[in-house]
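Chemist: next come a sequence and a model predicted from it.
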Amino acid sequence: MAESARISSSVFVVKELFELSLNPWVLPFTILLALCCLYWLLALLGTVDMDFIEFDFDSDTDFDGDVGNSGGLLTSFLKLVNATDVPFMLVLSVVSLCKWLINIAAILYWNSDGLVWLGLATWVIGFFVSCLIAAVLTKPLVPVFKAFRAGEDDEEPILGQSATVVTSHLTEKFGQVRVLREKGATALVNSRLASGQPVLKKGDIVTIISRDEKDGVYICTQI
């Protein structure tokens, strides 16, 4: 009897959560969170790069006029949430989850009537709160990802090193490889195959022969 009651209670909670997820004030973040989950599933399978969306800003770059002001604000915001140091999709996933939870809490506790002004206020305030939470949660990961992204300026350069393909495929337009080094930290870098090379699969061994400064990727060739 008690077991039946627990099952019924669980079903009720799941049903209520599903209905809340489809609420107009929550639905956009439900969709965004679902897309983030899909991305991580594809990343786990090695179908997309970890840095599928990546921001790389040079702090010494000068901008002029309105473009400079906008660029400076965007850069400052991305640095605030650590999106320049950890994968942007990781930050977006944390922000999406927090926003989703905040909007559900809003409907349950202070906006059950669906007031427009209160819903908009929750969106704005919830966004900033979510960004602050994301900044705090991802801060400890900054040195970890910096170590993984370490490149030719480390103790042991990766040019000329052997590497292992970690994505499902390595082509002239897509892929990542992992470099194991004796002195420096293990490096996980975005890579592309040299022109004319056959497509490689996960686990294949390659040699890093150069770096494409324009795209910020390493060019590899099969051993």
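Modeler: All right, it came through fine.

Chemist: going by C-alpha atoms from here, please, whenever you check contacts or count neighbours.
Modeler: Noted.

Chemist: quick one, domains of this protein?
Modeler: Using automatic domain parsing, the domain parsing of the chain gives 2-145, 150-222.

Chemist: which residues in the protein form strands?
Modeler: With DSSP state E, the ranges of strands along the chain come out as 162-165, 169-170, 176-179, 187-193, 200-201, 205-212, 217-222.

Chemist: show me the one of these that comes nearest Ile102.
Modeler: Of all those, strand 187-193 sits nearest to Ile102, with 34.4 Å by C-alpha to C-alpha.

Chemist: counting contacts, what elements does the closest one pack onto?
Modeler: Packing partners of strand 187-193 (3 or more C-alpha pairs under 8 Å, 6 or more residues apart in numbering; DSSP states H and E): helix 142-148, strand 169-170, strand 176-179, strand 217-222.

Chemist: pick the most buried one from the ones you listed.
Modeler: Between these, strand 176-179 has the highest mean count of neighbours, a mean of 25, where neighbours are mean count of other C-alpha atoms under 10 Å.

Chemist: give the pairing partners of that one; include direction for each.
Modeler: strand 162-165 (antiparallel), strand 187-193 (antiparallel) (DSSP bridges).

Chemist: how about the helices and strands packed on strand 187-193 in JSON lines, adding distance to Ser76 and mean pLDDT?
Modeler: Shown next, in JSON lines, are these (distance: least, C-alpha to C-alpha, whole Å; pLDDT from 0 to 100):
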{"stretch": "helix 142-148", "distance to Ser76": "16", "mean pLDDT": "76"}
{"stretch": "strand 169-170", "distance to Ser76": "34", "mean pLDDT": "88"}
{"stretch": "strand 176-179", "distance to Ser76": "28", "mean pLDDT": "87"}
{"stretch": "strand 217-222", "distance to Ser76": "25", "mean pLDDT": "90"}
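
Chemist: which residues does the spatially closest residue to Ser112 that is not a sequence neighbour contact?
Modeler: Spatial nearest neighbour of Ser112, excluding adjacent residues (C-alpha to C-alpha, 6 or more residues apart in numbering): Ala106 at 7.4 Å. When contacts are counted by C-alpha atoms under 8 Å, 6 or more residues apart in numbering, Ala106 is found next to 112, 119, 122.

Chemist: coming back round to it: the helices and strands packed on strand 187-193 into CSV, with extra columns for distance to Glu19?
Modeler: Formatted as CSV, those follow (distance: least, C-alpha to C-alpha, whole Å):
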stretch, distance to Glu19
helix 142-148, 37
strand 169-170, 39
strand 176-179, 40
strand 217-222, 44
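
Chemist: re earlier: tell me the most buried of the strands paired with strand 176-179?
Modeler: Comparing the strands paired with strand 176-179 by mean count of other C-alpha under 10 Å gives strand 187-193 as most buried, with a mean of 24.

Chemist: need the contact list for the nearest residue to Ala83 once chain neighbours are set aside.
Modeler: For Ala83, ignoring the flanking residues on the chain, the nearest one in space by C-alpha to C-alpha, 6+ apart is Val91 at 6.2 Å. For Val91, the contacting residues are 81-83, 134-135, 138, by C-alpha under 8 Å, 6+ apart.

Chemist: can you rerun that using 10 Å?
Modeler: By C-alpha atoms under 10 Å, 6 or more residues apart in numbering, the contact set of Val91 is 78, 81-84, 130-131, 133-135, 137-138.

Chemist: please apply the same query to Leu32.
Modeler: Contacts of Leu32 by C-alpha under 10 Å, 6+ apart are 38, 92-93, 95-97, 100.
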